[in-house]
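In: only geometry, no sequence info:
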């Protein structure tokens with residue numbers, strides 16, 4: 001993952017409701033942390049489509065985080081799945097609206 005000027009796209013997978021969240025990039029890579037200050041006053045919720053850029057994490061420069069997060073695009077819905085023992089194992093993603 002590099003920190004370039006080209007916007008990337010992804011989906012919010014977690015939002016704590018007031019200060020930080022995580023998103024899943026469309027490109028294969030680990031989930032990325034983002035802070036509320038990167039939303040520029042926009043509201044975000046679980047399943048929102050976003051565009052963003054990446055930058056080294058201030059607390060751990062070996063990792064990347066999402067910056068300049070912009071909300072928009074399709075919304076997705078996550079449906080939890082379980083394995084044969086009843087443990088959570090994956091999520092099915094369903095596109096809701098463009």
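Out: Yep, that arrived. This one's a predicted model, so the numbers in the text were calculated from it and none came from an experiment.
In: quick one: the helices in the protein?
Out: Counting by DSSP state H, the chain forms no helices at all.
In: okay, and the helix or strand of it with the least pLDDT?
Out: The helix or strand of the chain with the lowest confidence, counting by mean pLDDT, DSSP states H and E, is strand 88-97 at a mean of 50.
In: for the most centrally placed residue in the chain, list the residues it contacts.
Out: With distances taken as C-alpha atoms, centre = their mean, residue 23 lies nearest the centre of the chain, 1.1 Å away. When contacts are counted by C-beta atoms under 8 Å, 6 or more residues apart in numbering, residue 23 touches 10-13, 31-32, 34, 50, 52, 66, 69. (C-beta placed from N, C-alpha, C; glycine too.)
In: now for the closest residue to it other than its chain neighbours, how many residues are close by?
Out: Counting by C-beta to C-beta, 6 or more residues apart in numbering, residue 10 is the residue found nearest to residue 23 once chain neighbours are left out, at 4.5 Å. Residues within reach of residue 10, counting by other C-beta atoms under 10 Å, total 23.
In: how near is residue 10 to residue 28?
Out: Counting by C-beta to C-beta, to the nearest Å, the separation of residue 10 from residue 28 is 11 Å.
In: any stretches of this structure with poor pLDDT?
Out: In the predicted model, the chain carries pLDDT under 70 at residues 1-5, 73-83, 87-98.
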